[in-house]
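Chemist: After the sequence you'll find the predicted model.
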Amino acid sequence: MRFLLLLKPWQLLSIIMLLMLFPFWGYIGIVTHFTGTMLYLSWVYSIGKTMHSLLPKQMRVNVSFFKLCYIVGIVNLLLLTVLFFFNKLNFDTMGNYLFMLVIPLILIQLYMFSFSARMLQSMIQSELVGLSDSLKAFFSIWFFPLGLWEIQAAVQSVLCKHDTTHKLS
């Protein structure tokens with residue numbers, strides 16, 4: 001999924017927004033919205049995973065919970081999509097699904113945003129940072145269409161700097 005990090009910001013925004021733009025167009029809209037949301041989560045995952053792999057060994061944190069959150073988030077999103085697809089989600093049953101699927105999905109996404117922001121900021125500052133040091137990146141990832149421009153540019157500059165550093169050595 002590293003190819004998502006190499007796209008220009010407008011290309012990534014266009015792909016994701018076009019897929020997420022039509023959620024109310026029947027069954028095709030449900031599937032395209034799922035694909036766009038999955039692509040967005042995959043972009044966040046690839047930021048966290050790639051930046052984690054670029055950190056020096058002594059600075060790396062455990063990434064297994066982040067991977068688990070990504071898998072559970074995709075499965076959770078898939079369950080929500082199937083429920084919408086077969087019209088099993090209505091106002092009478094919304095409360096049950098809200099607590100079982102939607103709220104855990106929100107918490108999973110917030111953890112994924114914070115982990116990816118921490119790893120990106122750690123690569124930028126060349127030291128392991130906490131959440132308070134990476135709040136700007138966290139909110140940029142969270143406020144998706146606006147923050148994508150800044151995050152994608154930061155990711156590409158880190159990747160470019162890392163690639164030139166490794167080519168020189």
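Modeler: Happy to help now that I have it.

Chemist: Could you report the neighbour count for residue 64?
Modeler: Residue 64: 7 surrounding residues under other C-beta atoms under 10 Å. Glycine gets a C-beta too; all of them are placed from N, C-alpha and C.

Chemist: What separation do you get for residue 140 and residue 29?
Modeler: With the distance defined as C-beta to C-beta, to the nearest Å, residue 140 ends up 28 Å from residue 29.

Chemist: same deal with residue 8?
Modeler: 27 Å.

Chemist: again with residue 145
Modeler: Per C-beta to C-beta, residue 145 is found 19 Å from residue 29.

Chemist: more crowded one of the two?
Modeler: residue 29 (15 against 10).

Chemist: Please read off the pLDDT at the residue positioned nearest the centre of the chain from the model.
Modeler: Among the residues of the chain, the one closest to the centroid is residue 44, at 2.2 Å (C-alpha atoms, centre = their mean). pLDDT for residue 44: 90.

Chemist: Could you do residue 21 as well?
Modeler: Value for residue 21, per-residue pLDDT: 73.

Chemist: if we can go back for a sec, could you say which helix or strand holds the residue nearest to the centre of the chain?
Modeler: helix 26-54 (DSSP states H and E).

Chemist: quick one: the helix or strand just after that helix to helix 26-54, angle?
Modeler: Proceeding N to C from helix 26-54, the next assigned helix or strand is helix 64-85, under DSSP H and E. Between helix 64-85 and helix 26-54, the angle comes out at 180 degrees (axes from the mean of the first three to the mean of the last three C-alpha atoms, to 10 degrees).

Chemist: Name the residues of helix 64-85 that come out as buried.
Modeler: Buried residues in helix 64-85, counted by 16 or more other C-beta atoms under 10 Å: 66, 69, 70, 73, 74, 76, 77, 80, 81, 83, 84.

Chemist: Could you tell me the end-to-end distance of stretch 4-11?
Modeler: 9 Å (C-alpha to C-alpha, to the nearest Å).

Chemist: what comes into contact with that stretch?
Modeler: If you take C-beta atoms under 8 Å, 6 or more residues apart in numbering as the criterion, stretch 4-11 is touched by 12, 15, 39, 42-43, 46-47, 50, 148-149, 152-153, 155-156, 159.
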